[in-house]
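# need a 3D model of the sequence below.
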Amino acid sequence: KMMSLGRVVLAPLGVAQALVSTQTSVLYGPPAVTRPFEAALLFDCDGVLVETEELHRRAYNKAFAKYGLRIDGEAVEWSVEYYDKLQNTVGGGKPKMKYHFTQTVGRWPEASDRPRPASEAEGDALIDDLQAYKTEMYKDLVQEAVPRPGVLRLMDEAIATRGLAVGICSASTRGGFEKVVNTVVGPERLSQLDVIIAGDDVTKKKPDPMIYSLAAQRLGLSPTSCVVVEDSLVGLKAATSAGMHCVVTYTSSTQNEDFYAYGAAAKLLDLSHPSAASLSAFFDASAGLRPRADILASLKDPR
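Below is the predicted model of the structure:
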């Protein structure tokens, strides 16, 4: 028996069941089986659909304070400058914290409710608890979020275009991700997407290409037929390593990165210009929705 959800039809899944949240319209699970697609437009979430990185930073710091984290007597707190560097280095929340403690600082912190972790397993357990609390804080903070200029207009045109798959691929954990997309994108749009993958659904986080390779696999497309919209160097590396074209709509946190040096097809501040939020700037409809050789040619920032 087939189950339809908007444009998406899920084949029988066996042991690997698809998850349709009872509280949201977010769809996860194995391959979407629909009419054959010619191309895909894939969006990152944080920084692309909505500028949330500062909200993430504040939520991490709330979690650090809740658990009384200290290193050498100093409270653990991520500054704006440090978080900007961190988000351009590591994808996903738990990997960010592990990188900070094991690479930046070089040791685990003291916490008010437990001894300093004496092993990687104990450190991972602390990170799990921090991430769970951080996610709850983020859910509260994200109610302030609004979509970035032009992005929903582009998504709506893509959804309405026959032969074009549309999806969201986010490194965020599902709990925080669902709150964002339901608040900003809305259940009606979500029900019409063809693939949605959160950080929980892959074992390797961006900049590893796994999340985008999985999206192409589920959609039955060659990576070269896919265009990704990202905001960071980590996301760009994930998309290009998967063999996809990548447009970067940078933020104040990522504007100084040399995106062209790492293979960006285009970079620009946002999609506020009407032509930038038009599919014709991304795909050539006369060539079977082939990604344009010069995406956003007259609108992107110069190299």
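# what segments of the chain are strands?
Assigned by DSSP state E, the chain shows strands spanning 3-5, 8-10, 19-20, 27-28, 39-43, 70-71, 74-75, 164-169, 195-197, 226-230, 245-249, 266-268, 283-284, 290-291.
# if I look at the closest residue to residue 260 other than its chain neighbours, how far off is residue 263?
Leaving aside its sequence neighbours, residue 260 sits nearest to residue 303 (Cβ to Cβ, 6 or more residues apart in numbering; 4.9 Å). Placement of C-beta: from N, CA and C, glycine included. Residue 303 is 12 Å from residue 263, where distance means Cβ to Cβ, to the nearest Å.
# could you list the low-pLDDT ranges of the stretch 1-150 of the chain?
Within the stretch 1-150 of the chain, the ranges that satisfy pLDDT under 70 run 1-35.
# quick one, what contacts residue 84?
Residues near residue 84 by Cβ atoms under 8 Å, 6 or more residues apart in numbering: 253, 254.
# for this structure, list the residue farthest from the centre, please.
What lies farthest from the middle of the chain is residue 73; by Cα atoms, centre = their mean that is 34.6 Å.
# all helices for this structure, in order.
53-66, 80-87, 93-99, 120-141, 151-159, 174-184, 187-190, 210-219, 233-241 (DSSP state H).
# for residue 292, which of the ones you listed is the nearest?
Set against residue 292 and scored by Cβ to Cβ, those come closest in helix 151-159, at 14.3 Å.
# what are the buried residues along the closest one?
151, 152, 153, 154, 155, 157, 158, 159 (16 or more other Cβ atoms under 10 Å).
# out of these, the closest to residue 141 would be?
Nearest to residue 141 among those, with distances taken as Cβ to Cβ, is residue 151, at 19.9 Å.
# nearest residue to the middle of the protein?
Centre-most residue of the chain, counting by Cα atoms, centre = their mean: residue 170, 2.4 Å.
# can you list phi and psi of that residue for me?
Note on residue 170: its backbone torsions stand at phi -120, psi 140 [degrees, to the nearest 10].
# from what I can see it touches residue 177, true?
Yes - with contact defined as Cβ atoms under 8 Å, residue 170 reaches residue 177; the gap is 5.1 Å.
# find the residues that touch each one of these two.
45, 198, 199.
# partners of residue 226 in the sheet?
residue 40 (DSSP bridges).
# next, count neighbours for it.
25 (other Cβ atoms under 10 Å).
# measure it to residue 109 for me?
Taking Cβ to Cβ, one finds residue 226 at 40 Å from residue 109.
# residues contacting the residue farthest from the centre of the chain?
By Cβ under 8 Å, 6+ apart, residue 73 has no neighbours at all.
# repeat for residue 301
Contacts of residue 301 by Cβ under 8 Å, 6+ apart are 266, 267, 268, 269.
# please repeat the previous calculation with a cut-off of 6 Å.
267, 268 (Cβ atoms under 6 Å, 6 or more residues apart in numbering).
# same question, residue 243
223, 224.
# go with 10 Å
209, 212, 213, 216, 222, 223, 224, 225, 226 (Cβ atoms under 10 Å, 6 or more residues apart in numbering).
# likewise residue 290?
Residue 290 neighbours (Cβ under 10 Å, 6+ apart): 38, 39, 224, 225, 283, 284.
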